[in-house]
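Trainee: sharing a model prediction with you, sequence too.
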Amino acid sequence: MSTGERPDVDPVTGHPAAIVYQDVWKAFGPHQILRGLDLVVPRGRVTVIIGRSGTGKSVTIKHVMGLLRPDKGRIWVGDDELTAMSDRELRRVRLRFGIVFQQAALFDSMDVFDNIAFPLREHERLKEAQVRERVMALIAQVGLRGSERKVPSELSGGMRKRAGLARALVRSPEFLLYDEPTTGLDPILTAAMDKLIADTDAAHPDLTSLVISHDMHAVLSIAHKIVMLNEGVVVHEGTPDYFTSSDDPLIRQFLAGSLDGPMKV
Amino acid sequence: MSPPAPDSASDTEARPILPVRVVEAAGRFVLGWVGGLRGAVEEVGRAGVVAFWGVANVFLPPLRVRLTIQQMEFIGVQSLPIILLTSAFTGAVFTLQSHRAFAMFGAQAMVGGTVGVALTRELGPTLTGLLVAGRAGSAIAAELGTMRVTEQIDALDAMAVDPLNYLVKPRVLAAVLVMPMLTAIFDFVGIVGSYVIGIYLMHLSRPEFLVRLGDWVDWDDIYSGLLKAVVFGFIVGVVSCYKGFYTTGGARGVGQATTSAVVVSSVAILVSNFFIAWAIP
């Protein structure tokens, strides 16, 4: 795929390609993170990127919003080629995205309501009553009713992530990115967050989701497509069934969380 | 068990001969120097970007009026207690000391005028700048630094909101607007402090104090002090925002950014004060 044309269809799901990475390279100083990444994210599906820490998962997700620019290679979001865009044009593309950060990244100075309302107030000319209606609906959807006037320091980790998800959804984005949405949560909250992601996907059939996760139980339950990164390239991609039935030692080791295998600590 | 004896032959082979070591040391020195120079150039470049966009963004929408007023309240109104306290005591101490010195020549009548000129031209803007750097500049750097390390600035970028417009512009603009106001208050309260000590403690002649003050302090002194205040406000705003905006390294990085913001702002204020005083006689 590296030297060919941009693919129109995802080979794993058969769905149209929404995001395409083609031969993307990225280094930070002497550290080469991405080494010719080729990846297709199917439209309207949930794609989960797995892989060990430091293999370039977060770097991959930051490239698609133009928060990082590749040293080499091309990235398309729909028909827009990001690598050829100015900062101003990238900002226009970012309006099509929502992102749930690893630590939620809520603004300390605002309460939950104002955090969720922030993208609406910045980008849409709505009356305050309309903002309130939309924000309160989302607050109810993510189970934060009664907490809208709490500031982030008064919230638990799970509540912060749910508020982050509501903020990401408030402008009805075309693409939703999750950067390790269950990191730091206990098993119950992890299950609740997984259900929320699955419910969000079910409620928004046109939403294209790209998730980074280490939580293999969640990966297998929410993903339509799984991509495994290792040392900056895609080493495996397929459906959850492909991963659970694979005999590949890399996949077996990762799914089992074992120290024995081709990946060394 | 005793440690194995060192292999003297292999040790000799591993250690390069003296000329090679000298060349290596020279090479390391040059590389370190070039690396340091490169780092300094990068830092000046990034600070320049913050300064440029801090100014250019003033004219670009959205205007951020509400955020600017909030920052004016934080930098200006919340700095008032420390400004009032410092200015009153500065005027009082300066009066005490100058009275002692002038008494040696029987020229105590000059105290009012001397204190007035010193406050309006130098002490007012400089001390106000240093106080604002210490109180508000450190808080700005800590706030933006924390936002950086907790991905809040990345979140702004991700939501297609220009962080320089949203975070830097209101702070730089507010610092530039409130510094002349704080300086004017510093000047006035400092002179009142001087008057109280001069008249009621040193028993100076009231008419002489006021006449000298009126004769010696003219509008140019006040204008030059206020002009300095504008420059110092710009310095505090840009340096604090820059240090916070480019914070790296978690909580330790936030602490370093905060300290660095105060130190760099204070030095820049003192150095630029010299050049402005030189340029404006």
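Mentor: The structure has been received and is ready for your questions.
Trainee: where are the low-confidence patches of chain A?
Mentor: Counting by pLDDT under 70, the low-confidence segments of chain A come to A:1-4.
Trainee: pull the contacting residues for residue A:229.
Mentor: Residue A:229 makes contact with A:37, A:49-51, A:55-57, A:60, A:235 under the criterion CB atoms under 8 Å, 6 or more residues apart in numbering or on different chains. For every residue, glycine as well, the C-beta is placed using N, CA and C.
Trainee: dump those residues to CSV, plus secondary structure, neighbour count and distance to residue A:31.
Mentor: Listed next are these as CSV, based on DSSP: H, G, I helix; E, B strand; the rest coil; neighbours: other CB atoms under 10 Å in any protein chain shown; distance: CB to CB, whole Å:
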residue, secondary structure, neighbour count, distance to residue A:31
A:37, strand, 25, 15
A:49, strand, 27, 19
A:50, strand, 24, 21
A:51, coil, 24, 16
A:55, coil, 21, 12
A:56, coil, 22, 10
A:57, helix, 22, 15
A:60, helix, 26, 15
A:235, strand, 14, 19
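Trainee: which one of these is nearest residue A:246?
Mentor: Closest to residue A:246 out of the contacts of residue A:229 is residue A:235 (11.4 Å), distances taken as CB to CB.
Trainee: I'd assumed residue A:254 was in contact with that closest one.
Mentor: No: with contact taken as CB atoms under 8 Å, residue A:235 and residue A:254 are classed as non-touching, separated by 10.0 Å.
Trainee: quick check: neighbours shared by these two?
Mentor: Residues touching both residue A:235 and residue A:254 by CB under 8 Å, 6+ apart: residue A:228.
Trainee: returning to what we had before: tell me the two of the contacts of residue A:229 that are most distant?
Mentor: Taking CB to CB as the measure, the contacts of residue A:229 reach their widest spread between A:37 and A:50, a distance of 14.3 Å.
Trainee: in stretch B:246-266, what counts as buried?
Mentor: Buried residues in stretch B:246-266, counted by 16 or more other CB atoms under 10 Å in any protein chain shown: B:246-247, B:253-254, B:256-258, B:260-262, B:264-266.
Trainee: which stretches in chain A count as strands?
Mentor: When secondary structure is read from DSSP state E, chain A shows strands at A:17-28, A:31-42, A:46-50, A:72-77, A:80-81, A:97-100, A:175-179, A:208-212, A:225-230, A:233-238.
Trainee: list the neighbouring strands of the fifth one plus their orientation.
Mentor: The strands beside strand A:80-81 in its sheet (DSSP bridges) come out as strand A:72-77 (antiparallel).
Trainee: quick one: the strand it pairs with to strand A:17-28, angle?
Mentor: Calculated by axes from the mean of the first three to the mean of the last three CA atoms, to 10 degrees, strand A:72-77 forms an angle of 150 degrees with strand A:17-28.
Trainee: relative to strand A:175-179, how tilted is strand A:72-77?
Mentor: Going by the same axes, to 10 degrees, strand A:72-77 is angled at 120 degrees with respect to strand A:175-179.
Trainee: residues making contact with strand A:72-77?
Mentor: Around strand A:72-77, the neighbours that count as contacts under CB under 8 Å, 6+ apart are A:6, A:17-25, A:34, A:36-37, A:63-64, A:81-83, A:93, A:96, A:175.
Trainee: in the stretch 101-250 of chain A, which residue sits closest to chain B?
Mentor: Using CB to the nearest CB, the closest approach of the stretch 101-250 of chain A to chain B is made by residue A:105 at 4.0 Å.
Trainee: neighbours of that residue, how many?
Mentor: 24 (other CB atoms under 10 Å in any protein chain shown).
Trainee: just to check, it is in contact with residue B:152?
Mentor: Yes: distance between residue A:105 and residue B:152: 5.3 Å, which falls inside the contact criterion (CB under 8 Å).
Trainee: now the helices for the stretch 1-150 of chain B?
Mentor: Counting by DSSP state H, counting those that start in this stretch, the segments of the stretch 1-150 of chain B that form helices are B:8-14, B:18-56, B:65-75, B:80-103, B:111-118, B:124-132, B:138-149.
Trainee: just those: most buried one?
Mentor: When you average the neighbours per residue for each of the helices of the stretch 1-150 of chain B (mean count of other CB atoms under 10 Å in any protein chain shown), helix B:124-132 leads with a mean of 26.
Trainee: let's have the contacts of residue A:229 in TSV, adding distance to residue A:249.
Mentor: As requested, these are exported to TSV (distance: CB to CB, whole Å):
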residue	distance to residue A:249
A:37	22
A:49	20
A:50	15
A:51	15
A:55	17
A:56	21
A:57	21
A:60	24
A:235	11
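Trainee: what does residue B:209 show for phi and psi?
Mentor: Note on residue B:209: backbone dihedrals following degrees, to the nearest 10 are phi -60, psi -50.
Trainee: show me what contacts it?
Mentor: Contacts here follow CB under 8 Å, 6+ apart; on that basis residue B:209 touches B:109, B:111-112, B:195, B:198-199.
Trainee: ok, stretch A:201-215 near chain B or not?
Mentor: No: using CB under 8 Å from any CB of the partner chain, stretch A:201-215 stays clear of chain B, coming no nearer than 13.1 Å.
Trainee: from start to finish, how long is that stretch in a straight line?
Mentor: The stretch stretch A:201-215 measures 18 Å between its terminal residues, going by CA to CA, to the nearest Å.
Trainee: same thing with stretch A:204-212?
Mentor: Counting by CA to CA, the length from the leading to the trailing residue of stretch A:204-212 is 19 Å.
Trainee: show me which residues of it are buried.
Mentor: So, applying 16+ other CB under 10 Å, buried residues of stretch A:204-212: A:204, A:207-212.
Trainee: for these, which one is nearest residue A:194?
Mentor: The nearest one, if we look at those relative to residue A:194 and count by CB to CB, is residue A:211, at 10.1 Å.
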